[in-house]
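Novice: What would the 3D arrangement of this be:
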Amino acid sequence: MSEKNSDLGAFLAGFVIGGLVGAATALILAPQSGEETRNKIRETSGQLSQSGNEYIQNYGQKANELAQPYRERANVALSDARSRLSETGGRVQEQARTALDSGKERANQIKDQVSGYVQKSNGNDEESNNAVA
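Specialist: Numbering: from 1, shown residues only. I've put the predicted structure just below:
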């Protein structure tokens, strides 16, 4: 389908360009005075400019119409990605909190073990000191 649109666009572009070249050639080769030729060229160039602008405007509008479904799909995909990121971010935060709590708990256990070891060591030193005295 888009190949047919492309072929039609190429045909229309060739047709317009051919018309422009033919009109310019006819004006240049026509047996008129310089002033008449300049006026005719000015008039024709205005008409060609207007038709060219219409041509551009029509194809711009057609391009927007063809692009609209893709824009809508992109917006849906972007919204979906943001939603998934938000969900994933919440899960990651929860996992990080769980890991942090677990790490704090393990650090407290190690602290208690070290404190108990230090107290035992200090108690043995006091016994050794009492035995020596």
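Novice: which strands and helices sit next to the worst-scoring helix or strand of the chain on mean pLDDT?
Specialist: When the helices and strands of the chain are compared on mean pLDDT, DSSP states H and E, helix 2-29 comes out lowest with a mean of 78. Judged by 3 or more C-beta pairs under 8 Å, 6 or more residues apart in numbering; DSSP states H and E, the packing partners of helix 2-29 are helix 34-132. Every residue, glycine included, has its C-beta placed from N, CA and C.
Novice: tell me the angle the helix it packs on makes with helix 2-29.
Specialist: Angle between the axes of helix 34-132 and helix 2-29 is 140 degrees (criterion: axes from the mean of the first three to the mean of the last three C-alpha atoms, to 10 degrees).
Novice: Poorly predicted segments of this protein, please.
Specialist: In the prediction, the chain carries residues with pLDDT under 70 at positions 1-5, 30, 32, 123-133.
Novice: what comes up buried for the least confident helix or strand of the chain?
Specialist: For helix 2-29, the buried set under the neighbour-count rule, 16 or more other C-beta atoms under 10 Å, comprises 23, 27.
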